[in-house]
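**Student:** Next comes the sequence, and after it the predicted model I'd like to discuss.
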Amino acid sequence: MHKTIKHIALGIMVLLCSCTHRFDEPTTNSPLGNFEALWNIIDQKYCFLDEKQIDWDAVYLTYYAQFDTLQIRTYEDNYRFFDLMEEVVNTLNDGHVNLYSSFDISVCRSWYEGYPENFDIDIITQYYLKNYRQAGGLNYCRIDNDSIGYIYYNSFSNTFSQANWLAVLRYFNQCKGIVIDVRNNGGGTLTNAYLLAAPFFTQDTIVGYWQHKTGPQHNDFSELKPMLMEQSTGYWKRPVVVLCNRHTYSAANFFVSIMRYANNSHIIGGTSGGGGGMPMSYELPCGWLLRFSSIKMYDREMNSIEPGIRPHIIINQQSSDKDDLIEQAITTIDAAYH
């Protein structure tokens, strides 16, 4: 029997346990020892080396000599050490891979740099999100002469209850359709993604698969486990549009992926940011934490969602006095409404 996404999300969290693991192989607390610990953890535990065609052995050879000669004599040397370790982890081009120390956190930006922003919060608040209401983490209002419901949800870490969501749907009861804006949403918890998507599924629907690392080899994975969205008891039958951009990441990217299989749904904007690997953490000998992706997620057609989701309608923001993506959403709902 398939499990629902809600149960799977809980299962994944139990599997990862949000805990910090220690790397058990013998190593020393030196720059080289910490580099080799990091390299081995990624080599054995990271889930995208083969998918991204990363030559991890070449990364080792590139950086070995620099760490071998690096000595920590002053506090400034710690910064140089951290910056060099950050270079190593950023070769993975993964927003879920971070290094945490007491004085800095590494951030990978390459996965969104060079893409159109396609989002201006000032335009949204001035022309659309006026006199909005709040239900938990959901900011909502009616637009286009009260004919369309609009929700701006800026983080899947912002919680909302089923009662909050039902209240929003009741407020949109006379609307032709709903626009859910998850642009610049960097993710959060999968349970919120499940809750937000639930009313748009009119029947039980497999929306993807997931698997986790099980061994040290790059292709050591568990069997694929299906993700099932169950039919909602109070589902929404009218059109729904999801807006996304490259900063739509992690749980928000997952939400965009599963909404492609919802009833009367349309995805508009730019390719989402990806982040299809659930993270876990290991502690390095020096006490720094290394977070990285260890669980792979796929869509129903078995495409990895790590690179991001391509919308049904690709459109870039051009105007200075209106949001072109919201305007396209209004046009799409008008055409799809029966």
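**Tutor:** Looks like it arrived, so ask away.
**Student:** Show the contacting residues for residue 311.
**Tutor:** 244, 267-272 (C-beta atoms under 8 Å, 6 or more residues apart in numbering). All C-beta spots, glycine's among them, are computed from the backbone N, C-alpha and C.
**Student:** quick one: buried residues of stretch 208-221?
**Tutor:** 208-210, 212-213, 218, 221 (16 or more other C-beta atoms under 10 Å).
**Student:** pull the CA atoms of that stretch into PDB?
**Tutor:** Extracted C-alpha coordinates of stretch 208-221, given in PDB (Å, rounded to 0.1, in the frame of the first residue of the first chain):
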ATOM      1  CA  GLY A 208       6.900  11.100  -7.400                       C
ATOM      2  CA  TYR A 209       9.400   8.800  -5.800                       C
ATOM      3  CA  TRP A 210      12.300   9.000  -3.300                       C
ATOM      4  CA  GLN A 211      15.300   7.000  -2.200                       C
ATOM      5  CA  HIS A 212      18.100   7.400   0.200                       C
ATOM      6  CA  LYS A 213      21.800   6.500   0.300                       C
ATOM      7  CA  THR A 214      22.500   3.000   1.800                       C
ATOM      8  CA  GLY A 215      26.200   2.500   1.300                       C
ATOM      9  CA  PRO A 216      29.600   4.100   0.400                       C
ATOM     10  CA  GLN A 217      29.400   3.600  -3.300                       C
ATOM     11  CA  HIS A 218      28.000   6.400  -5.400                       C
ATOM     12  CA  ASN A 219      25.100   4.200  -6.700                       C
ATOM     13  CA  ASP A 220      24.200   2.600  -3.300                       C
ATOM     14  CA  PHE A 221      20.600   3.600  -2.900                       C
END
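**Student:** Identify all contacting residues around that stretch.
**Tutor:** The contact list for stretch 208-221 (C-beta under 8 Å, 6+ apart) reads 8, 12, 15, 43-47, 49-50, 222-227, 257-258, 278, 294-300, 302, 305.
**Student:** can you pull out the helices in the stretch 1-150 of the chain?
**Tutor:** For the stretch 1-150 of the chain, applying DSSP state H, counting those that start in this stretch gives helices covering 5-16, 31-45, 56-69, 75-90, 121-127.
**Student:** can you check the stretch 151-300 of the chain too?
**Tutor:** Assigned by DSSP H, counting those that start in this stretch, the helices in the stretch 151-300 of the chain fall at 162-171, 190-197, 251-259.
**Student:** for the ones you listed, which one sits closest to residue 184?
**Tutor:** Judged by C-beta to C-beta, the one of these that comes nearest to residue 184 is helix 251-259, at 8.9 Å.
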